[in-house]
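> turn this into a model:
(chains A and B)
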Protein chains: 2
Amino acid sequence: MQNDPQSSAESELLVCVKCRRGPEAPADDRRPGRRLYDRLCALGPPAGVRLRAVECLQNCEAGCTVALRGAGRWTYVYGQLDDEAHAETLLDGAGRYHATADGLIPWRERPEHFKRNCVARVPPATFPDPLQETDQ
Amino acid sequence: MQNDPQSSAESELLVCVKCRRGPEAPADDRRPGRRLYDRLCALGPPAGVRLRAVECLQNCEAGCTVALRGAGRWTYVYGQLDDEAHAETLLDGAGRYHATADGLIPWRERPEHFKRNCVARVPPATFPDPLQETDQ
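Model prediction:
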């Protein structure tokens, strides 16, 4: 958030609006990713979470795809989202994410879809050195 | 990089040191991810790129896995890396990444491994709104 200090207390839910839900699905006027984004907008994000449309998170073969990020938190990318079935659980998960200090939702509280469909995660700017932990 | 302003001009190559190169490979004293990290350290990162060990980027089924990130740049996660075969191309790609302003290496200059093994990408804090582009 180095370019946007006003949002440093927010988390962000980034939604790929170009996702076709798999590479084989035909394009139409409103792709599944855009439908997911629109549905999330209609439902409204939880407090502290900013919803943002983004162009291609490069998980095209397993869309729809979103990312959750926030200052000091691990960034998580989730795939295999259905614009109808998963919008509410996604918002629930975004709220749980924002409620943490580091982005790590306790496993038991983590939505089932998050448990099974994490594409990747990236650490915050500051994180422990795992070699310091194992070598000492 | 909001917590580490001194490094704002650097890019970072984050290397998962816990990767087993697929979930079935047995653990040993030095996992493939750690071997990749050690090899990258021995070769030395390109100017402007900081090499950092990290614990689990959650791409465990398609490791070894790394991420490239930097202030103002898209973050890229790459998988399917072999600790012996890909260390040099990875450092070459990290240098090309750092040479860009936005993290987008021109396609023709992109290492072949990057073209085929991008797991996901995440935008920088500031990025264009794709809906502004398409709706107007």
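> check which residues of whichever strand or helix holds A:Val77 are buried.
A:Val77 belongs to strand A:75-78 when elements are defined using DSSP states H and E. By 16 or more other C-beta atoms under 10 Å in any protein chain shown, the buried positions in strand A:75-78 come out as A:75-78. Quick note: C-beta positions are derived from backbone N, CA and C, even for glycine.
> report the mean confidence score over stretch A:45-54.
Stretch A:45-54 comes out with an average pLDDT of 97.
> sorry, wrong one. I was asking about stretch A:93-111.
In this model, stretch A:93-111 has a mean pLDDT of 97.
> any part of that stretch near chain B?
No - for stretch A:93-111, no contact with chain B is found by C-beta under 8 Å from any C-beta of the partner chain; the gap never falls below 11.2 Å.
> buried ones in that stretch?
So, applying 16+ other C-beta under 10 Å, buried residues of stretch A:93-111: A:93-98, A:100, A:103, A:105, A:110-111.
> now swap in stretch A:59-72 and tell me
A:59-60, A:62-72.
> follow-up on the earlier one: what's the helix or strand just after the strand holding A:Val77 in contact with?
As assigned by DSSP H and E, the chain's next helix or strand after strand A:75-78 is helix A:87-98. Helix A:87-98 is contacted from outside by A:10-11, A:13, A:36, A:39-40, A:43-49, A:66, A:68, A:70, A:73, A:76, A:78, A:81, A:103, A:105, A:109-114, using C-beta atoms under 8 Å, 6 or more residues apart in numbering or on different chains.
> contacts for the next helix or strand after helix A:87-98, please.
Later in the chain than helix A:87-98, the nearest helix or strand by DSSP H and E is helix A:112-116. Contacts with helix A:112-116, where a contact means C-beta under 8 Å, 6+ apart, come from A:76, A:78, A:80-81, A:86, A:89-90, A:93, A:105, A:107.
> so the most centrally placed residue in chain A, which of the three states?
Residue closest to the average C-alpha location in chain A (C-alpha atoms, centre = their mean): A:Ala67, at 2.5 Å. With DSSP: H, G, I helix; E, B strand; the rest coil as the basis, A:Ala67 sits in strand.
> name whatever forms a beta bridge with the closest residue to it other than its chain neighbours.
Using C-beta to C-beta, 6 or more residues apart in numbering or on different chains and skipping the chain neighbours, the partner closest in space to A:Ala67 is A:Leu14 (4.3 Å). With DSSP bridges applied, A:Leu14 shows beta-bridge pairing to A:Arg52, A:Ala67.
> count of residues packed around A:Leu14?
22 (other C-beta atoms under 10 Å in any protein chain shown).
> quick one, what contacts it?
Residues near A:Leu14 by C-beta under 8 Å, 6+ apart: A:52-54, A:57, A:66-69, B:122-123.
> show me which of the residues you listed is closest to A:Phe127.
Closest approach to A:Phe127 among the contacts of A:Leu14 (C-beta to C-beta): A:Arg69, at 13.8 Å.
> hang on, the closest one packs against A:Thr75?
Yes - contact criterion C-beta atoms under 8 Å: A:Arg69 and A:Thr75 qualify, at 4.0 Å.
> now for these two: what residues contact both?
A:103, B:122.
> and for A:Arg31, the neighbour number?
Look at A:Arg31: counted by other C-beta under 10 Å, it has 21 neighbours.
> typo on my end, A:Cys41
So A:Cys41, with other C-beta under 10 Å, has 13 neighbours.
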